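> I need the structure of the sequence given here:
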Amino acid sequence: MFLRRLSWILVMVCLPVTLLAQSRQDRLSLDLYWELESVSNPQISPDGSQIIYTRGRFDKTNDSRESALWIMDADATRQRFLLPASTARWSPNGDRIAYSAPGEPKGSQIFVRWMDAEGAASQITHVNQSPSNITWSPDGTHIAFTMLVEEINSWPIGMPKAPADAKWKQSPRIVERLRFRRDRQGFTDNGYTHIFLVPASGGTARRLTSGDYDHNNIEWTPDGKNILFSGLRLADADHHWRESEIYAVDVANGNIRQLTHRKGPDSNPSVSPDGKQVAYTGYDWTRDSWIDSKLYVMNIDGSNPRLASGDWDRSPGGLFWKSDGSGVYFTARSEGHSNLYLLPLEGSGVGKVQPVTSGVHMLSVSNVSERGRVAATLSSFYEPGDVVTFDLNRPSQMTQLTFVNDDLLAGKKLGQAEEIWYTAPDGMKVQGWYITPPDFDPSQKYPLQLHIHGGPHSMYGVGFNYGWQEQAANDYVILYTNPRGSTGYGSKFGNAIADSYPGPDFQDLMAGVDLMIEKGSVDEQNLFVNGCSGGGILTAWIVTQTDRFAAASSNCTIVEWMSLVGTTDGHHYYRFPKPFWEDPKPWMEHSSIFYVGNVKTPTMLMTGEKDLRTPMAQAEMFYRALNFRRIPTALIRFPDEWHGTTRVPSNFIRTQLLLRHWFEKYGRSSTTTDSAN
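Below you'll find the model as predicted:
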């Protein structure tokens, strides 16, 4: 326990109990986490008069998350609960909505509700797997969706007939596919995802595609005759890394045409309003660790494909066309922010990307009405997330429509977030942020938590983070940065860790810690580090390179690359230039387990027992080596958790408390002088 904290406790012991209670009522607590709500997927009715959105909350009794559809007038009046469901989609003329909800015979099913005074709702699918990608036909008569078609692999081995009263064991699973399981799903070799069509009034779902291939990202053509989708219709598709194409299936006869023919991934097709062009995302195939996607445009028959976004170096997402077909809107993340952009398409079909919105926030656009009204969600440092709208002609005039967490945050002091830019030892510019505790006193010294994001190709942003604010409420300074390898800074920055991860990003993180110490309010004897996935990988690497941290928690980690490739659900055979059986050296040089003899830092490991992305064996490997060396360590095994440790609400709370317990257990006295770089 830190001396600063001990002295604070001694002072608090002398205060009346009522004052002690009042002193923390103005801060976030873990009890309040159960009251946190979320909003997502706002959808504007075609006439612009109403908005439906999904509102999420926690079920404290069942330790789960649940969602419901809410509806309001476009001016935010008459907000009300509609249905216990999610994924609402307005019909083309706005008289109905399609949505997903539990139904018969099992799992989620598609329902259609009339939006008149009667409000009648009907279950229109009765399928054995849960439908997804619900999409109305342009005339409102049908709904397309994707669904898994089960095909259990079996061999004709001719087992002898079992006796009538036999209790033989279940037959073994026969696995022959390269990619046969996925985190949070389990085994995925039991079939393929196909496109189906069902009448909007209900009936038998008709399968449009066939073959041993997956079909995703469906998009109708305006005439309703074809559905575009992405996939890879090759017999050995599993062996084609970073490969996909865009196809069109004829709704009437099921004939399929391949529209793209480029080596590299092509996906997310979006058809122009006149049905003559298709915008999509992709890039030329590369072994680079990271490359930002580009925006392409082609004719509806696949002819004349061209790179439309030029040298703009961010990844577009959520494509939608201008109503007159003269450009494509999309969202993109850049330098910790997320905003809306426009790519005007000149006569050549190539334009220059222009920002539409700006601001220090995370904007996620869900829907645009025919009149150019946008529905989106927005989060910022101090706002967990709400529904907003704006007009494409006046994007700066953004209106907030919901305030779902204002009651929770009322009277609460939040930690203040500050942006930083700094220079790593080799000259690389790095962006980050830090959060100071409520009632921050710059003359005092505070322990620091360094949080490292996963991926490694992902990005910390300026959105609200309950976990960080709750840790700051317990008098920690929180530091989070985007070291090289992060997205949102261009392909070169993202690819800077290729063939050397973890490695140079370590220097970026340490330079951020040094900057915080220079500011004068961080207790350099009490530095703590943690992260999950890519953050867990770097945390394990950090403790093999330095003992300047008082304690660490490497969560959902990877410490040995060679064994990982055969046990993870990911495709890591391209991690280094050659497979490990040809050249094991780089695979070993960047595996923390081979440097475990350097570790002096008390290091906890946390992993979900169902994790298929960073399997438990990776954490066990590091834990046992540390334990063997008598380095303080603990292995926290989360039952019924996949990748990460916070999917279950109570596990989020446990993660917060376990981190704090571990850090406080091994916090150094302020008189300690044994920290070293």
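> so how far is E243 from E609?
Using CB to CB, to the nearest Å, we find E609 at a distance of 33 Å from E243. No exception for glycine: its C-beta is placed from N, CA and C like everyone else's.
> more neighbours: those two, which one.
Between E609 and E243, counting by other CB atoms under 10 Å, E243 is the more crowded of the two (15 against 12).
> pretty sure the more buried one is touching W285, no?
Yes - using CB atoms under 8 Å, E243 is in contact with W285, at 7.0 Å.
> which residues are in contact with each of the two?
Counting by CB atoms under 8 Å, 6 or more residues apart in numbering, the residues touching both E243 and W285 are K263, G264, P265.
> which one (most neighbours) among those?
P265 (22 neighbours).
> so who does it touch?
R242, E243, S244, G282, Y283, W285.
> of those, grab the buried ones for PyMOL.
With 16 or more other CB atoms under 10 Å as the criterion, this PyMOL line picks the buried residues out of the contacts of P265:
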select buried, resi 242+244+282+283
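> between the contacts of P265, which is nearest D75?
G282 (39.9 Å; CB to CB).
> ok, the closest one touching S267?
Yes - contact criterion CB under 8 Å: G282 and S267 qualify, at 6.5 Å.
> quick check: neighbours shared by the two?
Residues within reach of G282 and of S267 at once, by CB under 8 Å, 6+ apart, are S244.
> ok, the closest residue to P102 other than its chain neighbours to F180 distance?
Distances taken as CB to CB, 6 or more residues apart in numbering put S108 closest to P102, at 6.2 Å, once the chain neighbours are dropped. Plainly put, S108 is 24 Å away from F180 if you go by CB to CB.
> before we move on, what about V127?
Counting by CB to CB, the separation of V127 from F180 is 23 Å.
> those two: which has the busier surroundings?
V127 (21 against 16).
> circling back: wait, which of the contacts of P265 is closest to T546?
Here the nearest of the contacts of P265 to T546, counting by CB to CB, is R242; it sits at 34.8 Å.
> and the closest residue in space to the closest one that isn't next to it in sequence, what are its bridge partners?
Excluding its sequence neighbours, the residue lying closest to R242 (CB to CB, 6+ apart) is P265, at 5.4 Å. For P265, the beta-bridge partners are S244 (DSSP bridges).
> what's the answer for the one 5 residues further on, then?
As for beta bridges, S270 partners with A279 under DSSP bridges.
> that one and E219 touch, don't they?
Yes - using CB under 8 Å, S270 makes contact with E219 at a distance of 6.3 Å.
> W321 is in contact with L342, isn't it?
No - with contact defined as CB under 8 Å, W321 does not count as touching L342 (10.5 Å).
> what touches both of those two?
Common neighbours of W321 and L342 (CB under 8 Å, 6+ apart) are G327, V328, Y329.
> separation between the second one and R233?
Counting by CB to CB, the separation of V328 from R233 is 26 Å.
> swap in A540?
Separation of A540 from R233 (CB to CB): 40 Å.
> the two: who's more crowded?
Remark: of A540 and R233, A540 carries more neighbours, 30 against 16, as counted by other CB under 10 Å.
> make sure that one is indeed in a helix.
Yes - according to DSSP: H, G, I helix; E, B strand; the rest coil, A540 belongs to a helix.
> got the contact list for it?
A540 is in contact with S554, T557, I558, V559, S592, T603, F622, counting by CB under 8 Å, 6+ apart.
> thanks a lot, catch you later.
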